[in-house]
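>>> Sequence and predicted model, in that order:
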Amino acid sequence: MRFLPDAEQRAFAASLDAMLGSADTPSVVRAWGRGEHTAGRALWSRLAEAGVFALAVPEAYDGVGPRPVELALAFVELGRHAVPGPLAETVAAAVLLSGSDGLAARFLPSLAAGRTMATVAPEGAFALDGDAAEIRLGLASDGLRLSPGHGPARPSLDPSRRLTRLLPGGELLSPDPPAGLALTWARLATAAQALGVGLALLDRTVAHVGRRTQFGVPVGSFQAVKHRLADARIALEFARPLVLGAALTMRPDDVAAAKLTACEAAYATARTALQLHGAIGYTAEYDLSLWLTRARALRGVWGSPDDCRTAVIDARARPRG
Amino acid sequence: MDLDESAEQQDFRAQARRWLRANVPAEPPASLETEKGFAEHRAWEARLHADRWSVVSWPEEYGGRGVDLVKWLIFEEEYYAAGAPGRVAQNGIGLLAPTLFEHGSAEQRARVLPPMASGEVVWAQAWSEPEAGSDLAALTSRAVRTDGGWLLSGQKTWSSRAAFADRAFGLFRSESGTPKRHQGLTYVMFDLRAPGVTVRPIGRLDGKPAFAELFLDGVFVPDEDVIGEPGRGWRIAMSTAANERGLTLRSPGRFLAAADRLHRLWRERGEPRSARDRVADALVGARAYQLFTYAAAARFLAGEPLSAESSLNKVFWSEYDIALHETALDLLGAEGECADTEWAEPYVFSLAGPIYAGTNEIQRDLVAEHLLGLPKGRR
C-alpha cells in the first residue's frame, strides 16, 4: 500500500499545469461562453497531445486507458485552470463507446486524438455544449443513440457552459451500453475538476487577502478571514484523498463520496472566495467569476449531493465487496 | 500509487483479527474515567501486552512488534472494528513514548517504556496551567536546581487521566528572564504519588473525574527524569504536540468503527429520512479520514516530515467526532438524553475535541499561517 502519486504521475500533472498556466485560459473560457470555439478547440488539441483524452480510451483504439488515476490527476489541473468544454462528457462518451468493438473502432481514435469532442445526456437532461460537440450521445430508454442534432442553447449560471437539449431519434448505436460505468467515470472526472476549481479559488483568495489592506493592515491578518480560509483548506485537503482513492478502486460508492465531498468543498470555497474578495468578486469582469460559477455548476451535474449520498448509503445496505 | 495490501499486510490484519476475536471481552469494561473502570482497563492493557499487541509499532525490545505506520493503521482498524476497549495507556503511548524515542536517553527508554507498554505505569499529561492553555509558553510552574535533580513547584490543570494515573510529564520553567518565553523550559517526568504532589480530580460535564488539577510543592525529580537538555523543553514538547493532534491520538480505525455503528443504529431505527444525510456524511467522513491518513503515512514512510498537517487533521477529526455522536443522540430520540447508552460517554468525550490539544482556533491560525502563508496578526 503506497497511497501517493508516483514521480511520473506528479510530473504528468505538473506538465499540464505548466501548459495550461501559459495558455491564458480566462480568455479561452470567455470566448467559449460566447459560442466562439476556435481557441477552445486549439486548447482541446493540446490537451489531447498531452494524452488527456486517451486516458479513458483502451489501447486498441489509440488510447492508453483505462487510467482513472491519471485521469483524476489531469482533471484536477483542468479544474484549476477552468478549462471549458464537455470534458467529463467526452470521458463518459469514451466509456460508453468502448462497450462494443464496432463503436470503439468508429469513434474512439478521433476522441483520443482530440479531433472530436463528445457530449452525453440521459433522456430529458441537458447535454453540455451540444453546439460544440461532434458526437452527441443520448441515453434513451431503448439504448444509446447518436442524436441528429440539438435544440437552442440555454444559458447556464456558469456563462461558459452552454446547455442544450438533444434531438430525439437518430442511429441506435447500442441497445445495452455500459451506462453505469460511464456515470462512474463522468462522476470521477467531475469530482477531480471540482477539486481543482476549489484549489484555484483558495489560491486566488489567499493571494488577494495578502495584498488587500483595510484599517492599515492586510485583510489576511484578521483571524475571522484566516479561519474561513483554513476551513476551506481543510475541506479541500480531505476531498483530495477521496478523489484519488476513488480513482484507485472505481467503486461507485467511493466515486460518489468523492464527488459529494469535492463539490461541497469547492462550493464552500467559492462562497468564502466571494465573501473575502468583496464586491470585486461579484463582478463578471474579474477572473475569479470563472471559478465561482463553475463550482456552482459542477455541484449539480453527474450526481447531485443527494444522488451521491444515496449511492454511499445504498452501498452499505449490501455487503461490501 | 495503490491501496492494495501486500500479502504480509493481509496476514498481519488476519492475525490481529484472530487475536482480537478471541480476546476482546464480551462485556465492555466500566468507563475508564472511573476508579473501577481504570483498573479494568489497566488489566486489559496487560492482556494486550502479554501477546505483544499493546504497542505494535514499537521495537521488539520494548514489547512491540516493530511494524511500520501502515501496519499500525491496519491494527487500529481491526482493534476498533472488534469493539475493543478504549486505551487507558494512550497518553503515555501516544505522547510521551514518541518523545522518548526521539529525545530520550537509552536508559530512559529501557526504564520507562516496558512498564508503559504493560499498563503497569499509566501516564498523565501535565501541560496546561490556569494561565497557560492555548498560550502554553505562558506557563509559570518552576523547576529549581537542587542536588542531583530539580524541585518542581506550581500548579498544573486539565491533566487528563491524572485522577487515577501513576506518573505525569510536562514542561516547567527552569530559567527566568530569558529573552523569549519559550526558552528556559525543561521537560520532566514525575511521580504523581511523590511527596509534595496533591492531585485534585475535576469532574467533566458528566461528572466523571476525567482530569485533575495538580498542586506541586517542592517535588523532587532526579536528573534522570529530565528529557533532553534542561532549558530546551519547548522544542521537544512541540514534537509531542504534533503527535497529539495528528495520527497517534485519533487513528481512523476509531471513526470507521463509529460510523459503522451509527449506520447500524440508523437502520435499526427504521432509516429515518431526517438523519439520512448526516449518516451518509459520517460514512464519507470516515473514509476521507482513512484515506487522508494513508496518504500521510505514505509521505512519512517516504521520508517527508509531518508537521502543520496535524493541524488540518485535528480540526477535521474533532468536528467530525461531534457531528457523528450528535447524529446518534438525535437518532435515539428521548433515549438520547440517557447517560447509560453506549453513545453517551463517547459523545461527552467528543465535545472536548475542539478544546484540547490546542484549541481549533489555534489550529486554524496554524493552518492559515504555516500552510497558506497568511500574515501573523492579533489572535
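Arrived safely, thanks for sending. Residues are numbered from 1 along each chain as shown, chains lettered A, B, ... in the order given.
>>> Just the mean pLDDT for whichever helix in chain A runs longest, thanks.
Of all segments of type helix in chain A, defined using DSSP state H, the longest is helix A:179-211. Throughout helix A:179-211, pLDDT has a mean value of 98.
>>> do stretch B:33-51 as well
So the average pLDDT for stretch B:33-51 ends up being 97.
>>> what's the answer for stretch B:270-286, then?
Here the average pLDDT along stretch B:270-286 is 97.
>>> Any idea how far that stretch is from the middle of the chain?
27 Å (Cα atoms, centre = their mean, to the nearest Å).
>>> buried set for the longest helix of chain A?
Along helix A:179-211, these residues count as buried under the neighbour rule (16 or more other Cβ atoms under 10 Å in any protein chain shown): A:179, A:181-202, A:204-206, A:208-210. (Each C-beta comes from the backbone N, C-alpha and C, glycine too.)
>>> Spell out which residues of the stretch 51-200 of chain B are next to chain A.
Contact residues, the stretch 51-200 of chain B versus chain A (Cβ under 8 Å from any Cβ of the partner chain): residue B:70.
>>> can you map out the helices along chain A?
A:7-21, A:25-33, A:38-49, A:68-80, A:87-97, A:101-112, A:179-211, A:223-249, A:252-277, A:288-300, A:305-317.
>>> Equivalent analysis for the stretch 151-300 of chain B, please.
Secondary structure of the stretch 151-300 of chain B (DSSP state H, counting those that start in this stretch): helices at B:233-245, B:252-268, B:273-301.
>>> nearest to chain A, of the ones you listed?
Closest approach to chain A among the helices of the stretch 151-300 of chain B (Cβ to the nearest Cβ): helix B:273-301, 3.5 Å.
>>> so, in contact with chain A or not, that closest one?
Yes. Helix B:273-301 comes into contact with chain A (Cβ under 8 Å from any Cβ), by way of B:276-277, B:279-281, B:283-285, B:287-289, B:291-292, B:294-295, B:297-299, B:301.
>>> what's that helix packed up against?
Judged by 3 or more Cβ pairs under 8 Å, 6 or more residues apart in numbering or on different chains; DSSP states H and E, helix B:273-301 is in contact with helix A:223-249, helix A:252-277, helix A:305-317, helix B:69-81, helix B:252-268, helix B:309-332.
>>> Run the chain-centre distance for that helix.
On Cα atoms, centre = their mean, the centre of helix B:273-301 falls 19 Å from the chain's centre.
>>> Over to stretch B:18-37?
Per Cα atoms, centre = their mean, the centroid offset for stretch B:18-37 relative to its chain is 18 Å.
>>> now what about it, what contacts it?
Applying Cβ atoms under 8 Å, 6 or more residues apart in numbering or on different chains, the contact partners of stretch B:18-37 are B:38, B:40-41, B:44, B:47, B:51, B:53, B:78-79, B:82-86, B:88, B:163-164, B:204, B:208-210, B:342, B:345.
>>> go with 7 Å
B:38, B:40-41, B:44, B:47, B:51, B:53, B:78-79, B:82-86, B:88, B:164, B:208-210, B:345 (Cβ atoms under 7 Å, 6 or more residues apart in numbering or on different chains).
>>> Filter those residues down to the buried ones.
The buried subset of the contacts of stretch B:18-37 - by 16+ other Cβ under 10 Å - is B:38, B:40-41, B:44, B:47, B:53, B:78-79, B:82, B:84-86, B:88, B:164, B:208-210, B:345.
>>> Out of those residues, name the ones that lie in strands.
Nothing among the buried ones among the contacts of stretch B:18-37 maps onto strands, per DSSP state E.
>>> Throw the helices and strands packed on helix B:273-301 into JSON lines and include distance to residue B:19, thanks.
Listed next are these as JSON lines, based on distance: least, Cβ to Cβ, whole Å:
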{"stretch": "helix A:223-249", "distance to residue B:19": "28"}
{"stretch": "helix A:252-277", "distance to residue B:19": "29"}
{"stretch": "helix A:305-317", "distance to residue B:19": "27"}
{"stretch": "helix B:69-81", "distance to residue B:19": "9"}
{"stretch": "helix B:252-268", "distance to residue B:19": "15"}
{"stretch": "helix B:309-332", "distance to residue B:19": "27"}
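>>> Out of the ones you listed, which is the most enclosed?
Of all the helices and strands packed on helix B:273-301, helix A:252-277 carries the top mean neighbour count, a mean of 26, counting by mean count of other Cβ atoms under 10 Å in any protein chain shown.
>>> now it, how far from the chain's geometric center?
12 Å.
>>> Residue A:131 reaches residue A:150, doesn't it?
Yes. With contact defined as Cβ atoms under 7 Å, residue A:131 reaches residue A:150; the gap is 6.3 Å.
>>> mind giving me the domain split of chain B?
Following the TED database, one finds the domains of chain B at B:7-87, B:123-231, B:246-372.
>>> what does the stretch 201-321 of chain A have sitting close to chain B?
A:206, A:209-210, A:217-218, A:220-223, A:226-227, A:229-230, A:233-234, A:237-238, A:241-242, A:245, A:248-249, A:257, A:260-261, A:309, A:312-313, A:316 (Cβ under 7 Å from any Cβ of the partner chain).
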